[in-house]
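Asks: I would like the atomic coordinates for the input below:
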Amino acid sequence: MTLDQLPKDRPAVIRSIEGERSPVVLRLMEMGMVRGAPVSVRKRAPLGGPLELRVRDYVLSIRAADAKRFVVEVAE
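Replies: I've put the predicted structure just below:
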């Protein structure tokens, strides 16, 4: 499942990233959105707006379109 499909407050781990050479994705990776990083969705803006994420120990907001590039696995 991709990050934009992850249910709210469900812990997950980033497994793969599509388009790693994109400037936006590279910047997100610099901010900790890398393979193996723990992530969860804290809030969702209405009508497909940005997502507020908890990545490691900080909060990050990204566009839903960018969240589609991150494949996650739900943590058990």
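Asks: so who does the closest residue to residue 16 other than its chain neighbours touch?
Replies: Excluding the flanking residues, the one nearest residue 16 by CB to CB, 6 or more residues apart in numbering is residue 71, at 4.4 Å. Just so you know, the C-beta spots here come from the backbone N, C-alpha and C atoms, and that holds for glycine as well. Residue 71 makes contact with 1-3, 14-18, according to CB atoms under 8 Å, 6 or more residues apart in numbering.
Asks: Who does residue 71 form a beta bridge with?
Replies: Residue 71 forms beta bridges with residue 2, residue 16, as assigned by DSSP bridges.
Asks: Can you give me the pLDDT of the residue nearest to residue 50 when sequence neighbours are not counted?
Replies: Spatial nearest neighbour of residue 50, chain neighbours left out: residue 61 (4.9 Å); criterion: CB to CB, 6+ apart. Looking at residue 61, its pLDDT is 96.
Asks: quick thing: my sequence starts at 40, can you match it?
Replies: Got it, the first residue is 40 from now on, which makes the last one we talked about residue 100.
Asks: Quick check: the gap between the residue nearest to residue 55 and residue 87.
Replies: 19 Å (CB to CB, to the nearest Å).
Asks: just residue 53 next, same as before
Replies: Distance from residue 53 to residue 87, by CB to CB: 21 Å.
Asks: between these two, which one's more packed in?
Replies: A direct count of neighbours by other CB atoms under 10 Å for residue 53 and residue 87 places residue 53 higher, at 20 against 11.
Asks: check contacts around that one.
Replies: For residue 53, the contacting residues are 42, 72-76, 78, 109-111, by CB under 8 Å, 6+ apart.
Asks: Quick check: closest non-adjacent residue to it.
Replies: Distances taken as CB to CB, 6+ apart place residue 76 nearest to residue 53, at 5.0 Å, with adjacent residues excluded.
Asks: pLDDT score for the closest residue to residue 95 other than its chain neighbours?
Replies: Nearest non-adjacent residue to residue 95, counting by CB to CB, 6+ apart: residue 71, 5.3 Å away. Here, the pLDDT recorded for residue 71 equals 93.
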